[in-house]
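[1] output the structure for:
(chains A and B)
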Amino acid sequence: MINSLLQGTLLGGYYAVIACGLSFMFSVMRIINLAHGSLAVAAAYGLWLLAAKAGIPPFVGLLIVLPVMAVLGWLLQRFILERSARGGTLLPILTTFGLSIVIDNLLFEQFGADTRSLAPFIGNLSYASWQLPGHIFVGKLAVMMMATAILLLGALQFFLSRFALGRAIRATAEDPDTAGLVGIDARRVNAVATAITMVTIGIAGAFLGMRATFSPYAGGPQLLFAFETAVIGGAGSLWGTLAGGIILGLAQSLGAQLHPQGFLIGGHAVFLLVLFARLSRFGLPQLDRLGAFLNFRARLRSPT
Amino acid sequence: MTLVSNGISIERWTSSSRLALGSMAALLALLALAPTVLGAGAIDRMTALFIYVILAAMWNALAGFGGLVSVGQQVFFGLGAYFTIRLADAGLDPFVSIFAAAIVTGALSVPLSLFMLRLKGGEFAIGMWVVAELAHLLVNLDRLIQGETGTSLISLNLYDSGIRRAAIYWLALASMAALLGALFMLMRSRAGAAMQAIRDNEEAATSVGVRVIATKRLLFVLAAFGIAVAGGLWLATATTFQPKTYFSVQWTAYMIFMVLVGGIGKFEGAILGAVLFFVIETFFGGAGVWYLIGLGATALIFSLYLPRGLWGEIERRFDVQLLPVGYRLQLPGPNKIKWEE
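    Okay, here's the model as predicted:
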């Protein structure tokens, strides 16, 4: 029991890594990138390709993949997201969904349906663990992911508060037009923010490959986990993302104890519960105004 | 036509739209006679076309007219099929259970809407996807379904295959006509105007007295019902029910493609998009993965460069409206002002 609680908490570290990019992008640009998971899987495939064909170990391969992801992020923003965001708040959802379909199927076309993993290339890191007194085992990779999550979130926080570019990003997030009045180029800022997001996606993809397997269509579930984490923690708050990840990881681990399918069911159920609780706290009129429920004439009126 | 003054008139129906409605009625009559001349494969394909039209029209209603983009509408597709299996297993005639299942799904969508409609934008879109995944997992738990193995609509065996195929065809045709008709009448009514007001600017709509949540709920439940009917019909055509197929996000991908290419927010656009998708699938579906990549890329390019879709561009360029949902102002003389929907 303690073991699964511990594992669930540490799993939260992975979810925080994959969610922080989504949360960051949403706070800065108000875009929810539905291709988020697919891009992480693409990064994992990139690392796998380097490891399997060129013999470059994943941690070294990151030095190649992360800059590539940053450049891709810059291009993504300039040519796709920027244009799409001009069409309103709903168009980017459709655009990024189309993009995720293209990425998923390109990966399938290129790599086939086999599941891959980065685990063979990192020695025994994927299953090595420390033993704590009392039959408690703590995975080394899990601790590494949690540590990376904390470092990443801290670094992002530091960047946003101490650097001029970070301040520019925060200003653009609050009010792009006024930021433009004081000389901040919203286009450049958004491109940088997307590049940073893509770097975090690359790191998340690496962890995905190391701790588990991935296949071309694994992007969708990863997006859902990232989104659930971001929303549970409060979209837009970086440390909330860590809390959200831990809650999601705990819910999944506890669910897995109850039923084989409980891992996924537990996670989705907790997400919906948290959403429900948050909505009722901020006012869900149907439930508050039980008196109106009894007023049949009002209910039978047409909606206008 | 209302004569306001100086020969200015407000009109709803134009001559071209009356013609369009007439020809659509004729086309429906023609399609109804089709099973007598078409072969089995063609009848199946036409049934698929009708199902695509239903899906496109429902998603268009939700996203284009209501402003509710949802990446999780496959939940109703899957639930419609699942309840059809369940009700047929309980002894109901399979054709009746399709529609009973749709009613059950529509009823289920009401409490779901109480909750989901409080979400906005991307949260609503992905929230519906989470609900779809959860529904998929819960359906898998049902012993009758046996997880991903799935089961079949066995009671269809009672009917001879020729009669069965024709019956499903006519049911699909009738459902498509009924749902499109209901949607059309809805969009032309006060509720329809309310929906479009909400889509354009929710706060402004509230300020003129539109009941936003109730209107959205109406649209949500109608879309759920329509998509559930489509799910039941698809089950009748395919006969097997594997949860992974029916709850797959691929269905939303198809719906998004059809609506983006056809024209979002335009009634005729959804129909055009469905027909185009059907044609593309017939010719290129065999290309496997490249077909899917092409679909995604086309949806992507359309959303960036042709966000109004093909019908939107046609309407803008030639000022033709075949199934008018809004009003037109006709001034004396060569000029015409049109109120955008």
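
[2] okay, CA-based contacts and neighbour counts for the rest of this
    Noted.

[3] dump the residue contacts of residue A:43.
    By Cα atoms under 8 Å, 6 or more residues apart in numbering or on different chains, residue A:43 lies in contact with A:65, A:69, A:201, A:202, A:205, A:206.

[4] just the closest of these to chain B, please.
    Closest approach to chain B among those (Cα to the nearest Cα): residue A:201, at 18.7 Å.

[5] right, and the helix or strand after the helix or strand that contains residue A:63?
    Secondary structure assigned from DSSP states H and E places residue A:63 in helix A:58-76. Tracing the chain past helix A:58-76, the next element assigned as helix or strand by DSSP H and E is helix A:82-85.

[6] next SSE downstream of that next one?
    On the C-terminal side of helix A:82-85, the closest following helix or strand by DSSP H and E is helix A:91-111.

[7] can I get that following helix as CSV, trimmed to CA atoms?
    The C-alpha trace of helix A:91-111 is given here as CSV (Å, rounded to 0.1, in the frame of the first residue of the first chain):
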residue,chain,number,x,y,z
LEU,A,91,-9.9,27.5,-34.3
PRO,A,92,-6.6,26.5,-32.8
ILE,A,93,-8.3,23.4,-31.3
LEU,A,94,-9.3,22.3,-34.8
THR,A,95,-5.9,23.1,-36.2
THR,A,96,-3.9,21.4,-33.5
PHE,A,97,-6.2,18.4,-33.7
GLY,A,98,-5.5,18.1,-37.4
LEU,A,99,-1.8,18.5,-36.7
SER,A,100,-2.0,15.6,-34.1
ILE,A,101,-3.6,13.4,-36.7
VAL,A,102,-0.9,14.1,-39.2
ILE,A,103,1.9,13.5,-36.7
ASP,A,104,0.4,10.3,-35.4
ASN,A,105,-0.2,8.8,-38.8
LEU,A,106,3.2,10.0,-40.1
LEU,A,107,4.8,8.2,-37.2
PHE,A,108,2.8,5.1,-37.9
GLU,A,109,3.8,5.2,-41.6
GLN,A,110,7.5,5.6,-40.7
PHE,A,111,7.9,3.3,-37.7
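
[8] check which helices and strands that helix sits against.
    Secondary-structure packing of helix A:91-111 (3 or more Cα pairs under 8 Å, 6 or more residues apart in numbering or on different chains; DSSP states H and E): helix A:36-53, helix A:82-85, helix B:250-262, helix B:289-305.

[9] tell me the gap between it and the middle of its chain.
    17 Å (Cα atoms, centre = their mean, to the nearest Å).

[10] what mean pLDDT does that helix get?
    Confidence for helix A:91-111, expressed as mean pLDDT, is 93.

[11] ok, back up a step: and among the helices and strands packed on helix A:91-111, the most buried is which?
    Mean neighbour count (mean count of other Cα atoms under 10 Å in any protein chain shown) peaks for helix B:250-262 among those, with a mean of 26.

[12] near chain B, which residues of the stretch 51-200 of chain A? Just list them.
    Contact residues (Cα under 8 Å from any Cα of the partner chain) of the stretch 51-200 of chain A with chain B: A:80, A:83-84, A:87, A:89-91, A:93-103, A:105-106, A:108-109.

[13] how about the helices in the stretch 201-341 of chain B?
    B:202-207, B:212-238, B:243-246, B:250-262, B:267-284, B:289-305, B:309-318 (DSSP state H, counting those that start in this stretch).

[14] want to throw these into CSV with mean pLDDT and distance to chain A?
    CSV is the format used below for those (pLDDT from 0 to 100; distance: least, Cα to the nearest Cα, whole Å):
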stretch, mean pLDDT, distance to chain A
helix B:202-207, 89, 10
helix B:212-238, 93, 5
helix B:243-246, 92, 13
helix B:250-262, 92, 7
helix B:267-284, 91, 15
helix B:289-305, 91, 5
helix B:309-318, 86, 13
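
[15] tabulate these (a markdown table), appending distance to residue A:253.
    Shown next, in a markdown table, are the helices of the stretch 201-341 of chain B (distance: least, Cα to Cα, whole Å):
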| stretch | distance to residue A:253 |
| --- | --- |
| helix B:202-207 | 41 |
| helix B:212-238 | 33 |
| helix B:243-246 | 24 |
| helix B:250-262 | 29 |
| helix B:267-284 | 42 |
| helix B:289-305 | 35 |
| helix B:309-318 | 45 |
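
[16] quick one: which of these is nearest residue A:246?
    Among these, helix B:243-246 comes nearest to residue A:246, with 28.7 Å by Cα to Cα.

[17] quick revisit: residue B:21: which of the helices and strands packed on helix A:91-111 is closest?
    With Cα to Cα as the criterion, residue B:21 lies closest to helix B:250-262 of these, at 18.8 Å.

[18] and the closest one, what does it pack against?
    Partner elements for helix B:250-262 (3+ Cα pairs under 8 Å, 6+ apart): helix A:91-111, helix B:40-60, helix B:267-284, helix B:289-305, helix B:309-318.

[19] output these in JSON lines; the columns should cover distance to residue B:170.
    Output for the helices and strands packed on helix B:250-262, formatted as JSON lines (distance: least, Cα to Cα, whole Å):
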{"stretch": "helix A:91-111", "distance to residue B:170": "33"}
{"stretch": "helix B:40-60", "distance to residue B:170": "8"}
{"stretch": "helix B:267-284", "distance to residue B:170": "18"}
{"stretch": "helix B:289-305", "distance to residue B:170": "29"}
{"stretch": "helix B:309-318", "distance to residue B:170": "28"}
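
[20] nearest to residue A:32, out of these?
    Ranking those by their distance to residue A:32 (criterion: Cα to Cα) puts helix A:91-111 first, at 6.6 Å.

[21] which residues touch stretch B:105-114?
    Surrounding stretch B:105-114, the residues in contact under the criterion Cα under 8 Å, 6+ apart are A:286, B:76, B:79, B:80, B:83, B:217, B:220, B:221, B:222, B:224, B:225, B:228.

[22] which two from the contacts of residue A:43 end up farthest apart in space?
    For the contacts of residue A:43, and using Cα to Cα, no pair is farther apart than A:69 and A:206, which are 12.1 Å apart.

[23] and of the contacts of residue A:43, the nearest to residue B:65?
    Proximity of the contacts of residue A:43 to residue B:65 (Cα to Cα) peaks at residue A:201, which lies at 34.7 Å.

[24] contacts only, for that closest one.
    By Cα under 8 Å, 6+ apart, the contact list for residue A:201 reads A:17, A:18, A:21, A:36, A:39, A:40, A:43.

[25] isn't the fourth one up against residue A:219?
    Spelled out, it's residue A:36. Yes - under the criterion of Cα atoms under 8 Å, residue A:36 makes contact with residue A:219 at 7.5 Å.

[26] what is the burial count for the closest residue to residue A:2 other than its chain neighbours?
    Distances taken as Cα to Cα, 6 or more residues apart in numbering or on different chains place residue A:136 nearest to residue A:2, at 7.3 Å, with adjacent residues excluded. Around residue A:136 sit 15 other residues, with neighbours defined as other Cα atoms under 10 Å in any protein chain shown.

[27] give me the below-cutoff pLDDT ranges for the stretch 101-250 of chain A.
    Residue ranges of the stretch 101-250 of chain A with pLDDT under 70: A:235-236.

[28] quick one: the helices in it, in order.
    Counting by DSSP H, counting those that start in this stretch, the helices of the stretch 101-250 of chain A are A:140-162, A:164-174, A:176-181, A:186-211, A:219-233, A:238-258.
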